[in-house]
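*Asks:* model the structure of this input:
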Amino acid sequence: MTLAEAHRAPLPGRPEPPDATEAVIGAMEVSITRATPPGRSTLTESDRRWPGRLRLIARSYLRLWALERLTDSVELLITELVTNALRYGRADAIGVRVLRTARVVRIEVADGTPVAPTVRHASALEECGRGLFLVEAIADDWGVGDGGAVIWCALSLTEEPCA
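*Replies:* Reported below is the predicted structural model:
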């Protein structure tokens, strides 16, 4: 399967892959049916557990792919993107995908939001607002697709840039 073929699968919304001809070596895909109604930023206990569950699943895939060195970064990126999707997403279901190619590990989260997120620079006293700032700092590349409904980030496995 190539990245282009992976992007035609049923995960809602599709960003354009950096190189649509690049073969997907491995993939993890999870669909979350949220308990918190869309538009409510206070999460239910069940939804608060999703980032931890997804970190555990991703850690297993990274071990399978012999990419344990990326565990901390992937776990943080998944936590930030999924928490944002649960808090601010507009869809009843949230799609999470981790794709591995020869060049990158790419994380995608689809949340049905019609507006692209933007990086905030939170003040020292604010408790929220640093998620995308962290994604931008840790990922080698990131972006949005489908008008904001999908946010993705990539970690390079080579010295070459992701896009």
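*Asks:* quote the end-to-end distance of stretch 38-57.
*Replies:* The straight-line separation of the ends of stretch 38-57 (CA to CA, to the nearest Å) is 24 Å.
*Asks:* so how far is that stretch from its chain's centroid?
*Replies:* Here the centre of stretch 38-57 is set off from its chain's centre by 14 Å, with CA atoms, centre = their mean, to the nearest Å.
*Asks:* contact partners of it?
*Replies:* Contact with stretch 38-57 is made by 28, 30, 32, 34-36, 75, 78-79, 82-83, 86-92, 96, 112, as judged by CB atoms under 8 Å, 6 or more residues apart in numbering. Placement of C-beta: from N, CA and C, glycine included.
*Asks:* neighbouring contacts of the longest helix belonging to the chain?
*Replies:* What stands out as the longest helix in the chain, according to DSSP state H, is helix 71-88. Helix 71-88 is contacted from outside by 32, 34, 36, 41, 43, 47, 50-51, 54-55, 58-59, 62, 94, 96, 98, 105, 107, 109-111, 113, 117, 131-132, 134-135, 138-139, 151, 153, 155, using CB under 8 Å, 6+ apart.
*Asks:* of those, keep whichever come out buried.
*Replies:* Neighbour counting by 16 or more other CB atoms under 10 Å classes 32, 34, 36, 43, 47, 50-51, 54-55, 58-59, 62, 94, 96, 98, 105, 107, 109-111, 113, 117, 131-132, 135, 138-139, 151, 153, 155 among those as buried.
*Asks:* just the ones in strands from those residues, please.
*Replies:* Among the buried ones among the contacts of helix 71-88, DSSP state E puts Ile32, Ile94, Val96, Val98, Val105, Ile107, Val109, Ala110, Ile151, Cys153, Leu155 in strands.
*Asks:* from Thr44, how far out is the fourth one?
*Replies:* Meaning Val98. Noted for Val98: a distance of 24 Å to Thr44, by CB to CB, to the nearest Å.
*Asks:* fine by me, we can end here.
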